[in-house]
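# give me a model of this one.
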Amino acid sequence: MLEQKLDKISQENQNQVVNIKISDVYPNGDQPRIYFDEDKIIALCESIKKHGVLQPIVIRPDDEGRYMIIAGERRYRASIMANKESIPAIIKDMPIKEVLEIALVENLQRENLNIIEEAKAYKNLIDKHKSTQDELAELVGRSRPYITNTMRLLNLSDEVKKYIELEKISPGHGKALLRVSNKEKQIGLAQQIIKENLSVRKTEEIIKGMLEEKKIKNKSKEKDIFIKDIEERLMNTLGTKVNISTGNKKGKIEIEYYTDDDLNDIIDRLLEE
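Numbers count the residues shown, from 1 in each chain. The predicted model follows:
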């Protein structure tokens, strides 16, 4: 398992730890974790100033003589903040897919990822590195439906995803909002959730009401199209303007005529076999 591999790397013989110039190290561009708590970085920076970096970062050599971080970006950021010129590191040459998998598992274990970052990490491994949802489920110890439902959150509008990342609304709210296809309405509802502190259940009730209302309007619209079609057919048959109005289980048909001859012509057409 990757967890065991990560532990093994961290417990490597200390002779394999080397000091690397920080300028030769860079973050993984596909690192699952996007948001770093600034206060925690500052606290770690102060610790590094006093005690140094106690746990080496893990890095991977690239083709240009530099090193990409596999694990330990927070320590790397704090070391830069502490004006360190070098950082202790363990160098491991491993496939990039495995690097991403380790980064994902490490962050999930430490609960460093919000659910949008998690979803993006799954999508990246599937799109760029041909992982399957079943493989990811086994990798992170989750069910396949969990992977699927988490990735579905990426279909939300960017603003709604940002609300989830900032914990202004919950992933449960996000899953409810997926039923709303209109992005502007998604955003409006998300803002309502924040303003009124709505629960997920209340949000689901509001969305259910919206969808039922939309269904009724669509039915009414379909009926209007049907009525207009009949009006056009009658106008073509009778050669004059026809208006059909509908009400509650009843309606009326109005046929316009302008002269007695028009009326007689309409009657003749209506009585034609």
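
# residue 20 bridge partners, please.
Per DSSP bridges, residues listed as beta-bridge partners of residue 20: residue 87.

# that one against residue 67, yeah?
Yes - judged on Cβ atoms under 8 Å, residue 20 makes contact with residue 67 at a distance of 6.1 Å. For every residue, glycine as well, the C-beta is placed using N, CA and C.

# what sits in contact with each of those two?
Residues touching both residue 20 and residue 67 (Cβ atoms under 8 Å, 6 or more residues apart in numbering): 59, 89, 91.

# what sits against the second one?
Residues in contact with residue 89 (Cβ under 8 Å, 6+ apart) are 17, 18, 19, 20, 25, 56, 57, 58, 59, 67, 72.

# what packs against the helix ranked longest in the chain?
Identified as the longest helix of the chain according to DSSP state H is helix 200-238. Helices and strands touching helix 200-238, by 3 or more Cβ pairs under 8 Å, 6 or more residues apart in numbering; DSSP states H and E, are helix 171-177, helix 183-196, strand 242-246, strand 251-255, helix 260-271.

# what angle do strand 242-246 and it make with each other?
Angle of helix 200-238 versus strand 242-246, following axes from the mean of the first three to the mean of the last three Cα atoms, to 10 degrees, is 150 degrees.

# quick one: buried residues of helix 200-238?
Of the residues in helix 200-238, 200, 203, 204, 206, 207, 231, 234, 238 count as buried by neighbour count, 16 or more other Cβ atoms under 10 Å.

# quick one: pLDDT of the first one?
The model reports residue 200 with a pLDDT of 95.

# and it, how far is that from residue 179?
Distance of residue 200 to residue 179, computed by Cβ to Cβ, to the nearest Å: 12 Å.

# give me the nearest residue to residue 86, chain neighbours excluded.
Closest residue in space to residue 86, ignoring its immediate chain neighbours: residue 19 at 4.4 Å, by Cβ to Cβ, 6 or more residues apart in numbering.

# find the nearest non-adjacent residue to the most centrally placed residue in the chain, please.
Geometric centre of the chain, nearest residue: residue 154, 1.6 Å, by Cα atoms, centre = their mean. Distances taken as Cβ to Cβ, 6+ apart put residue 119 closest to residue 154, at 5.1 Å, once the chain neighbours are dropped.

# low-confidence stretches in the stretch 51-200 of the chain?
The stretch 51-200 of the chain contains residues with pLDDT under 70 at 110-111.

# if we use 80, what do you get?
The stretch 51-200 of the chain contains residues with pLDDT under 80 at 103, 106-112.

# what's around the residue nearest to residue 86, how many residues?
Close neighbours of residue 19, defined as other Cβ atoms under 10 Å, add up to 13.

# distance of it relative to residue 69?
The gap separating residue 19 from residue 69 is 15 Å, by Cβ to Cβ.

# now swap in residue 153 and tell me
According to Cβ to Cβ, residue 153 and residue 69 sit 26 Å apart.

# more crowded one of the two?
residue 69 (23 against 20).

# OK, contacts around the more buried one?
Residue 69 makes contacts with 25, 26, 27, 28, 31, 57, 58, 59, 60, 76, as judged by Cβ under 8 Å, 6+ apart.

# before we move on, back to that, put together a markdown table for the helices and strands packed on helix 200-238, with mean neighbour count and distance to residue 164 on each row.
Compiled in a markdown table, the helices and strands packed on helix 200-238 are given as follows (neighbours: other Cβ atoms under 10 Å; distance: least, Cβ to Cβ, whole Å):
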| stretch | mean neighbour count | distance to residue 164 |
| --- | --- | --- |
| helix 171-177 | 21 | 5 |
| helix 183-196 | 16 | 9 |
| strand 242-246 | 14 | 45 |
| strand 251-255 | 11 | 49 |
| helix 260-271 | 12 | 63 |
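
# could I get those in CSV, plus columns for distance to residue 35?
Output for these, formatted as CSV (distance: least, Cβ to Cβ, whole Å):
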stretch, distance to residue 35
helix 171-177, 15
helix 183-196, 18
strand 242-246, 56
strand 251-255, 59
helix 260-271, 73
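
# which non-adjacent residue is nearest residue 200?
Residue 200's closest residue in space is residue 172 (Cβ to Cβ, 6+ apart), at 4.0 Å.

# my guess is the one you found meets residue 198, correct?
No - applying Cβ under 8 Å, one finds residue 172 not in contact with residue 198, separated by 11.0 Å.
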